[in-house]
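**Q** Only the shape, not the letters, is given here:
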């Protein structure tokens, strides 16, 4: 088999692996989109995953590819990426996602991928091969996105409580059961818009490294965009049920009004980050918003021990995925 043909099949297999990660991203992060709407009883689980998957895919028509550009061109210096780096990044991210899914920990698929890319690149060329601006922007939003979600979720809860202060609880519950469909749809749009673009950016990076797409191209091929949005939608449709309970009930008990406020605050955060081209964690964002809503009710409504264990998972995600990716890079390099 000619070397050019071998290279083509290596790229093709890595694209399939990237789409598998994208599917797993949707599967792992389904809880982010549906936990509140399921836990409040507004939708049944089967209805919720179809609802969220639909809006994940519709996001293709809403958002510009700024996050994909950050991942594809703004994290690693040009010329460093090769198929070993992409392989290591994907296996490291997939392995960490699998571990956290198994234990029901709502960690970040986004930061697992960023950590995987960073770990594989450092294993190949050292830290100087990373673009500091792109890395620090992503790392900063590990703190900013949950804090902004917390702020907006709690602010929404205060505003809604003031507006509805003279309304009966039954009427409020009826209103927000309907409104939560709107907020859940918006959050799922933000989830699809930000998360699908990370895999688009990785495949774009791979195609540039393989010489199949020019460095100066302003957008990846259309088939990459469509495939990634469909893959994340399919992953969401199958759902990550182990994490739904943690997100929906173990952090704090939510009613429809609280679910609406958490999803709306989280959606605003995701829309802002995607517009700025920042790859953020939908897990961090919705967790911050849920804690914000719970803390407005009363501090004791939040199970701070559960929230604390989630934060530890956030801290370990990038270094853990990076370590596994670095090992996988060396294995790939040694074998091929």
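**A** Nice, thanks for sending it over. Bear in mind that the values here come from a model prediction, so they are computed numbers and not experimental data. Numbers count the residues shown, from 1 in each chain.
**Q** ok, now which ones touch residue 231?
**A** Residues in contact with residue 231 (Cβ atoms under 8 Å, 6 or more residues apart in numbering) are 19, 20, 22, 23, 26, 196, 199. For every residue, glycine as well, the C-beta is placed using N, CA and C.
**Q** can you redo the residues you listed as JSON lines with pLDDT and secondary structure?
**A** Putting those into JSON lines (pLDDT from 0 to 100; DSSP: H, G, I helix; E, B strand; the rest coil) gives the following:
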{"residue": "19", "pLDDT": "96", "secondary structure": "helix"}
{"residue": "20", "pLDDT": "93", "secondary structure": "helix"}
{"residue": "22", "pLDDT": "93", "secondary structure": "helix"}
{"residue": "23", "pLDDT": "93", "secondary structure": "helix"}
{"residue": "26", "pLDDT": "86", "secondary structure": "helix"}
{"residue": "196", "pLDDT": "94", "secondary structure": "helix"}
{"residue": "199", "pLDDT": "94", "secondary structure": "helix"}
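**Q** List buried residues within the residues you listed.
**A** 19, 22, 23, 26, 196, 199 (16 or more other Cβ atoms under 10 Å).
**Q** got these as JSON lines, with distance to residue 84 columns?
**A** Below are the buried ones among the contacts of residue 231 laid out as JSON lines (distance: Cβ to Cβ, whole Å):
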{"residue": "19", "distance to residue 84": "19"}
{"residue": "22", "distance to residue 84": "20"}
{"residue": "23", "distance to residue 84": "23"}
{"residue": "26", "distance to residue 84": "26"}
{"residue": "196", "distance to residue 84": "25"}
{"residue": "199", "distance to residue 84": "18"}
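**Q** and of the residues you listed, the nearest to residue 256?
**A** Each of those was scored against residue 256 by Cβ to Cβ, and residue 26 proved nearest at 24.7 Å.
**Q** Quick check: chain neighbours aside, which residue is closest to the closest one?
**A** Of all residues not flanking residue 26 in the chain, residue 235 sits nearest, at 2.5 Å (Cβ to Cβ, 6 or more residues apart in numbering).
**Q** and the one you found, how many neighbours does it have?
**A** The tally of other residues near residue 235 (other Cβ atoms under 10 Å) stands at 28.
**Q** Quick check: the gap between it and residue 157.
**A** 30 Å (Cβ to Cβ, to the nearest Å).
**Q** One more: residue 284?
**A** Note on residue 284: its distance to residue 157, by Cβ to Cβ, is 19 Å.
**Q** The two: which is more packed in?
**A** Each of residue 284 and residue 157 has its neighbours counted (other Cβ under 10 Å); residue 284 has more, 30 against 24.
**Q** So which other helices or strands are in contact with the host helix or strand of that one?
**A** Assigned by DSSP states H and E, residue 284 falls within helix 282-297. Identification of packing neighbours for helix 282-297 by 3 or more Cβ pairs under 8 Å, 6 or more residues apart in numbering; DSSP states H and E yields helix 3-39, helix 109-125, helix 132-163, helix 169-209, helix 256-275, helix 304-335.
**Q** can you give me the offset of it from its chain's centre?
**A** The chain centroid and the centroid of helix 282-297 are separated by 16 Å, computed with Cα atoms, centre = their mean, to the nearest Å.
**Q** That helix versus helix 132-163: what angle between them?
**A** 30 degrees (axes from the mean of the first three to the mean of the last three Cα atoms, to 10 degrees).
**Q** Flag every buried residue along helix 282-297.
**A** Buried positions in helix 282-297, judged by neighbour count with 16+ other Cβ under 10 Å: 282-297.
**Q** Excluding sequence neighbours, find me the nearest residue to residue 137.
**A** The nearest residue in space to residue 137 (Cβ to Cβ, 6+ apart) is residue 278, at 5.8 Å.
**Q** Would you mind checking the average pLDDT for whichever strand or helix holds residue 235?
**A** Assigned by DSSP H and E, residue 235 belongs to helix 222-238. The average pLDDT within helix 222-238 is 93.
**Q** May I see the buried residues of that helix?
**A** Judged by neighbour count using 16+ other Cβ under 10 Å, the buried positions of helix 222-238 are 224-225, 227-237.
**Q** and which of the residues you listed is nearest to residue 111?
**A** residue 232 (16.2 Å).
**Q** For the residue nearest to residue 137, give me its contacts.
**A** Per Cβ under 8 Å, 6+ apart, neighbours of residue 278: 67, 70, 137, 138, 141.
**Q** Could you look up the SS state of it?
**A** coil (DSSP: H, G, I helix; E, B strand; the rest coil).
**Q** Can you pull the phi/psi pair for it?
**A** phi -100, psi 120 (degrees, to the nearest 10).
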